[in-house]
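*Asks:* Requesting a structural model of the entry that follows:
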Amino acid sequence: MAPPAPKACLRVEGTAIVDADGKPVILKGAATGGHTNMENFITGYPGHESEMRKAMLEVLGREKYDHFFNKFLEYFFTPSDADFFASLGLNCVRVPLNYRHFLDDLNPEKGINPAGFKLLDGIIDSCSAAGLYTIIDMHTFPGGQNQGWHSDSGIHKALFWDFKVFQDAMTDLWVEIARRYKGNTWVAGYNPMNEPADPDHVNLQSWYKRVEKAIREVDPDHILFLDGNTYAMDFSGFDEVLPNCVYAIHDYASFGFPAGERYKGTDEQKRQLRKVYERKVEFMKEKGVPIWNGEFGPVYSSPEDPDHEAINQERYNLLGEQLSIYKADKISWSIWLYKDIGFQGMVHASPDSPYIKLLKPFLEKKKRLGVDKWGRDDTHVRHIYEPVIQHFKDSIPPEFINRRYPQVWKIEGHIHRVIRETLMSEILCWEYASYFKDRSLEELDELAASFKLENCVRREGLNEILRKDAAES
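*Replies:* All right, here's what the predicted structure looks like:
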């Protein structure tokens, strides 16, 4: 039997999120990344979702393409997944969306596609029935709100900030989302933009003010969860606090990735974790507003990797230390991520599943080439790119070499973004799609069903940490 709906929408009161009775609510959960916004490292394809889908349509034809992706969307998150969430004591699901479920880039006159709302309704209803809040997260934008693969722009620039027509379209979409879920008290709020990266540091503020005003005209009650600039890490350009808004960081730790120093739990490493966190939340503490950590979490080593058990235990320890920081500050959080093919998720497709068995040679190749940015180990190919990087450094004066935003990437990151993560990945999409050639409807159904919860493996070490933290709330 479904629990009764909360009496009113959650709201902001000082530094807390509170319920209808004014009781503080700390939201704890995970994101369903890879589902309604697909990402390369989550489900195994290279590059960007829209490019992968084009290649799949070319290989499968319309009927089989629609069948596979409809089944994938159906199986990836079901009432069983929501019940599993709730069994861990978690209370909130962040739902990342690709705007293309709602808008047609080539036919904007069609308006909003109702299929997008049907899909989102199903997720929210499943979560509500399990007593879970949801946060609606717009993860992609026309032209790209950031330079990353997860904005599904297919390029290395964030063009959303340069075109008013893009900004108009997404403001209008948010108005319709708010209109639909107005009064739904299981919806904790709206995350209008995932990981903005505005090079000028002023356009983001303008759009936040615009979309906040537009949403409030149809839905005055729901909280807005506003990410900081530069991938939810920088609030230096923020000049004011908007009403009933929670401000959001993403707090990934370098210790949780192959390129970073291994986490040993030293006092210095713990100080570094706290220092980085405090820098990110300085704006919120200064203004006295709630903090939401919308993404964090390490990636995990595979059984075929050297020393994988020790590495994964170190990363569990890292996660525990991060949670202790958030607990001390009484902030809400959403870990990245719920379900994938075995890299970061709380559950993952089984190595014996039809999907993983089919794609195993390609997944091994993709890992060896290091084409995915997220958590890659590029040991095998680093020597190929180092001469290119050095050529740039030799050719461009030092005062200009790292001028390109985001500067934190340095020239190395921008080169990899163009060569590996964009060009090579785009071309590899056809190879990925070729694995699905001549598959029957029944076989495509079996491949999609690899992501059903009952067919997945649970990462118990991770889930036990989350369960314990939820129980201590």
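
*Asks:* Next, the distance between the ends of stretch 335-355.
*Replies:* End-to-end distance of stretch 335-355: 25 Å, with Cα to Cα, to the nearest Å as the criterion.

*Asks:* And the contacts of stretch 362-371?
*Replies:* Stretch 362-371 is contacted from outside by 40, 44, 46-47, 341, 356, 372, 376-378, 380-381, 420-421, 424-425, 428, 431-432, 435, using Cβ atoms under 8 Å, 6 or more residues apart in numbering. Bear in mind the C-beta positions are built from the backbone N, C-alpha and C, glycine included.

*Asks:* In the chain, what residue spans correspond to strands?
*Replies:* 11-13, 16-18, 28-31, 92-97, 133-138, 187-191, 223-227, 245-250, 291-295, 332-335, 339-340, 347-349, 456-458 (DSSP state E).

*Asks:* okay if I get those strands as TSV plus mean pLDDT and mean neighbour count?
*Replies:* Listed next are these as TSV, based on pLDDT from 0 to 100; neighbours: other Cβ atoms under 10 Å:
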stretch	mean pLDDT	mean neighbour count
strand 11-13	99	17
strand 16-18	99	20
strand 28-31	99	24
strand 92-97	99	26
strand 133-138	99	25
strand 187-191	99	27
strand 223-227	99	26
strand 245-250	99	24
strand 291-295	99	26
strand 332-335	99	27
strand 339-340	99	24
strand 347-349	99	24
strand 456-458	99	17
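
*Asks:* Take those and write them to CSV, including distance to Asp81.
*Replies:* Compiled in CSV, the strands of the chain are given as follows (distance: least, Cβ to Cβ, whole Å):
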stretch, distance to Asp81
strand 11-13, 28
strand 16-18, 24
strand 28-31, 10
strand 92-97, 9
strand 133-138, 13
strand 187-191, 18
strand 223-227, 22
strand 245-250, 23
strand 291-295, 19
strand 332-335, 15
strand 339-340, 7
strand 347-349, 8
strand 456-458, 9
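
*Asks:* Quick one, which of the contacts of stretch 362-371 are buried?
*Replies:* Those of the contacts of stretch 362-371 that meet the buried threshold are 40, 44, 46-47, 341, 356, 372, 376-378, 420-421, 424-425, 428, 432, 435, by 16 or more other Cβ atoms under 10 Å.

*Asks:* Tell me which entries of these lie within helices.
*Replies:* Counting by DSSP state H, the buried ones among the contacts of stretch 362-371 place Asn40, Ile356, Ser425, Leu428, Tyr432 in helices.

*Asks:* pLDDT score assigned to the second one?
*Replies:* In this model, Ile356 is scored at 99, pLDDT.

*Asks:* Also the first one?
*Replies:* At Asn40, the pLDDT value in this model is 98.

*Asks:* Next up, the contacts around the closest residue to it other than its chain neighbours.
*Replies:* Take Asn40 and drop its neighbours on the chain: the residue closest to it by Cβ to Cβ, 6 or more residues apart in numbering is Asp372, 5.1 Å away. Counting by Cβ under 8 Å, 6+ apart, Asp372 touches Asn40, Phe41, Pro46, Trp149, Lys366, Glu421, Ser425.

*Asks:* for the residues you listed, which one is nearest His348?
*Replies:* Nearest to His348 among those is Phe41, at 11.6 Å by Cβ to Cβ.

*Asks:* so that closest one touches Leu337, yeah?
*Replies:* No. Between Phe41 and Leu337 no contact is recorded; they are 9.6 Å apart, counting by Cβ atoms under 8 Å.

*Asks:* Report the set of residues contacting both of the two.
*Replies:* With Cβ under 8 Å, 6+ apart, Phe41 and Leu337 have common neighbours Gln344.

*Asks:* Among the contacts of Asp372, which pair sits farthest apart?
*Replies:* Longest distance between any two of the contacts of Asp372 is 13.1 Å, between Trp149 and Lys366; criterion Cβ to Cβ.

*Asks:* thinking again about what came up before, ok, so of the contacts of Asp372, who is nearest Leu273?
*Replies:* Each of the contacts of Asp372 was checked against Leu273 using Cβ to Cβ; the closest is Phe41, at 23.4 Å.

*Asks:* Contacts only, for the closest one.
*Replies:* Phe41 makes contact with Asp340, Phe343, Gln344, Asp372, Trp374, Gly375 under the criterion Cβ under 8 Å, 6+ apart.

*Asks:* Output those in TSV; the columns should cover distance to Ala232.
*Replies:* Formatted as TSV, these follow (distance: Cβ to Cβ, whole Å):
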residue	distance to Ala232
Asp340	20
Phe343	21
Gln344	17
Asp372	20
Trp374	15
Gly375	18
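
*Asks:* Which single one of the residues you listed is nearest to Thr266?
*Replies:* Gly375 (22.2 Å).

*Asks:* The closest one and Pro258 touch, don't they?
*Replies:* Yes. Here Gly375 lies in contact with Pro258, judged by Cβ under 8 Å, at a distance of 6.2 Å.

*Asks:* Quick check: neighbours shared by these two?
*Replies:* Joint contacts of Gly375 and Pro258 (Cβ under 8 Å, 6+ apart) are Val299.

*Asks:* Which of the two has more residues huddled nearby?
*Replies:* Gly375 (18 against 15; other Cβ atoms under 10 Å).
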